[in-house]
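Chemist: Provided below for reference: sequence and predicted model.
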Amino acid sequence: MALSDLKKPFSTLTRTSRPPRDHHIATPGGHFIIHYNNSGLHAVPQDYTLNDSIPDFVFKAAEYLDESYSMLHDSLGYDHPPIDNIESPEIDVYFNYDLSYYGVTYPETDLGNGEYTSYLTLSTQLEDSTIFYTHGLEGLRVTCAHELFHIFQLGYKYRSSDLYYFEFSSVWFEEYMYPEINDYHSYFSDYVDGWDVVLTSNSGMNPYQSAGFNFYIDKHFSSPGNNIIQHIWDRILTVNAITAIRNELESRGSSLEEALNGWGCSQVLCGPFSAPNFQYSFDDAAELESINFSRNTDHLLTSATDDIALTKTPITSYYKISGIPSNILLFEAMFDNDVSASLIGLNDDQSKVYPIGSQSIIIDGADYDDYILVIGSDASNASGSYAFTALYEDQMAALYPNPLSSGEKITLSYVLLEDNQKANLSIYNLSGRSVYSRSLSSTYKVAGLHDLSFTPPALSSGLYIVALQFDDTVIAEKFTYLK
């Protein structure tokens, strides 16, 4: 069994009876009873360095469960799980011999409307580093956090279609609770070559490997006292998980396709491509692997122009584009509604994300080795296309905003194919009279792609021409000024 195949699930099958154990303790916080054996098959490790009568694993489990409960209930605001009243009002935890799972949460009694009482088990074998990716007390810590969140989730709403989001959330909470452990790295490594699966899939490792989606939306949208994951779980009381995610993102001025796109950029910008200029990268991006195409070779493209069909939804998809010339390039792309995309230029830690919108993008092809097209789609049978065009003359690539209001900065994006000795910026009215002029510094004279921003003087409302004058060429564009 590969280490990455080990999980921390909850069972969709109810146990016929709870496992009997010889000993039990109440946790200091009073929310749990931990049941364990000191001998036999289900014996916990017999180390007593922390307490003369309580094994270390049990003693520390009590600590980890209490602090995870405090974070979930007291800090994040989740409702207390329903009380089972079977043995006591506390949440019951059982140490169990298990070589397949770190821990398991078992739904027990259906209270109606998808709300369940439950209990959890923890493996007695977590010290075994040959079985468990994260082992010892660190393995125990993240398992307590993970399984306890399942206990809370089952007190909200259980739908079989939402299993993926149960695991997304518990993997996220492990890292939220214990960011120094990084158990999630083992799951992310499964995503790097197994990414061609819809977000909502409950199959295989997807409920674990795609948990980065929750990491991304938490980092992008949460703020103190306003955690997006908690708000999604509040919505799950009345709608399924994917609808809850859509609704919550829309309430924050975003969309599912935009979040899928942003998450995809985070997954690319890992390892050698971890780029400090990307605002929402994973905290451990440099330690993680970037996505690869070993299982998706049909997504390796070598054409400067191509059409793309997106048959799965909702999904984050990737296309690697190679063999693009190192000229100054015009990049254009068009996609259906409910699709959001970005182009990433790959150049180690200088990799850069170019969001794709309605305007063309100018790229200096010499800056990048290859490109990855990241596409977030929440549309059925969507399609799109892209095109790189090499530029062979000096030209204005973009002028914005246009119209320009009084006091606003105007930005000129332009391309120079050769170095120049002189450079001047002028604004003319339609009579040809200069109303503004200045020389440009050497930075704006050299070959390449340039962005020049400035605030024009106060002008009368009307149509004007902005002109860039170089050694042997003039680049000009009209704009409207509104006073």
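Modeler: Perfect, I can see it now.

Chemist: could you pull out the buried residues of stretch 316-326?
Modeler: Going by neighbour count (16 or more other C-beta atoms under 10 Å), the buried part of stretch 316-326 is Thr316, Ser317, Tyr318, Tyr319, Lys320, Ile321, Ile324. Every C-beta, even on glycine, is put in place using the N, C-alpha and C of the backbone.

Chemist: please apply the same query to stretch 17-33.
Modeler: Arg18, Arg21, His24, Ile25, Thr27, His31, Phe32, Ile33.

Chemist: picking that back up, now, the buried residues of stretch 316-326 that are in strands?
Modeler: Using DSSP state E, the members of the buried residues of stretch 316-326 that fall in strands are Thr316, Ser317, Tyr318, Tyr319, Lys320, Ile321.

Chemist: which two from these end up farthest apart in space?
Modeler: Taking every pair in these and measuring C-beta to C-beta, the maximum separation is 16.7 Å, between Thr316 and Ile321.

Chemist: how about the strands in the stretch 301-450 of the chain?
Modeler: With strands called from DSSP state E, counting those that start in this stretch, the stretch 301-450 of the chain shows them at 305-310, 315-321, 328-335, 339-346, 352-355, 361-364, 370-377, 382-390, 395-400, 404-405, 410-416, 424-429, 434-439, 448-454.

Chemist: what's the model's confidence in the longest one, averaged?
Modeler: In this case it means strand 382-390. The predicted model gives strand 382-390 an average pLDDT of 94.

Chemist: compute the inter-axis angle for that strand and strand 315-321.
Modeler: Our comparison of strand 382-390 with strand 315-321, counting by axes from the mean of the first three to the mean of the last three C-alpha atoms, to 10 degrees, yields an angle of 30 degrees.

Chemist: so Tyr69 sits in a helix?
Modeler: Yes - per DSSP: H, G, I helix; E, B strand; the rest coil, Tyr69 lies within a helix segment.

Chemist: quick one: distance of the helix or strand bottoming out on mean pLDDT in the chain to the chain centre.
Modeler: Across the helices and strands of the chain, mean pLDDT, DSSP states H and E gives its lowest value to strand 361-364, namely a mean of 86. Using C-alpha atoms, centre = their mean, to the nearest Å, we find the averaged C-alpha position of strand 361-364 to lie 26 Å away from the chain's own average C-alpha position.

Chemist: what's next to that strand, contact-wise?
Modeler: The set of residues external to strand 361-364 that reach it, using C-beta atoms under 8 Å, 6 or more residues apart in numbering, is 328-332, 343, 345, 354, 391, 397-398, 413, 415, 448-449.

Chemist: give me the element the nearest residue to Leu430 once chain neighbours are set aside is part of.
Modeler: Spatial nearest neighbour of Leu430, excluding adjacent residues (C-beta to C-beta, 6 or more residues apart in numbering): Leu463 at 5.8 Å. Taking DSSP states H and E as the definition, Leu463 sits inside strand 462-469.

Chemist: ok, now Thr121?
Modeler: Taking DSSP H and E as the criterion, the element that holds Thr121 is strand 116-123.

Chemist: for that strand, packing partners?
Modeler: If you count contacts as 3 or more C-beta pairs under 8 Å, 6 or more residues apart in numbering; DSSP states H and E, strand 116-123 packs onto strand 91-96, strand 103-110, helix 136-154.

Chemist: in the stretch 151-300 of the chain, which spans are strands?
Modeler: Going by DSSP E, counting those that start in this stretch, the stretch 151-300 of the chain shows strands at 300-301.

Chemist: and the nearest residue to Gly345 once chain neighbours are set aside, how many neighbours does it have?
Modeler: Spatially, and ignoring its direct neighbours in sequence, Gly345 is nearest to Tyr368 (3.6 Å; C-beta to C-beta, 6+ apart). A count of nearby residues for Tyr368, using other C-beta atoms under 10 Å, gives 19.

Chemist: just checking, Tyr368 touches Leu343?
Modeler: No - under the criterion of C-beta atoms under 8 Å, Tyr368 lies out of contact with Leu343, with a separation of 9.8 Å.

Chemist: tell me the one of the buried residues of stretch 316-326 nearest Asn37?
Modeler: Using C-beta to C-beta, Thr316 comes nearest to Asn37 of the buried residues of stretch 316-326, at 45.2 Å.

Chemist: so what's the closest one bridging to?
Modeler: Per DSSP bridges, residues listed as beta-bridge partners of Thr316: Gly376.

Chemist: what sits against it?
Modeler: Taking C-beta under 8 Å, 6+ apart, we find Thr316 in contact with Trp195, Leu199, Leu260, Asn261, Trp263, Gly264, Gln267, Val374, Ile375, Gly376, Ser377.

Chemist: so how far is Ala341 from the third one?
Modeler: In this structure, Leu260 and Ala341 are separated by 10 Å, where distance is defined by C-beta to C-beta, to the nearest Å.

Chemist: and Tyr64, which helix or strand is it part of?
Modeler: For Tyr64, the secondary-structure element it belongs to, assigned by DSSP H and E, is helix 56-69.

Chemist: many thanks, have a good one.
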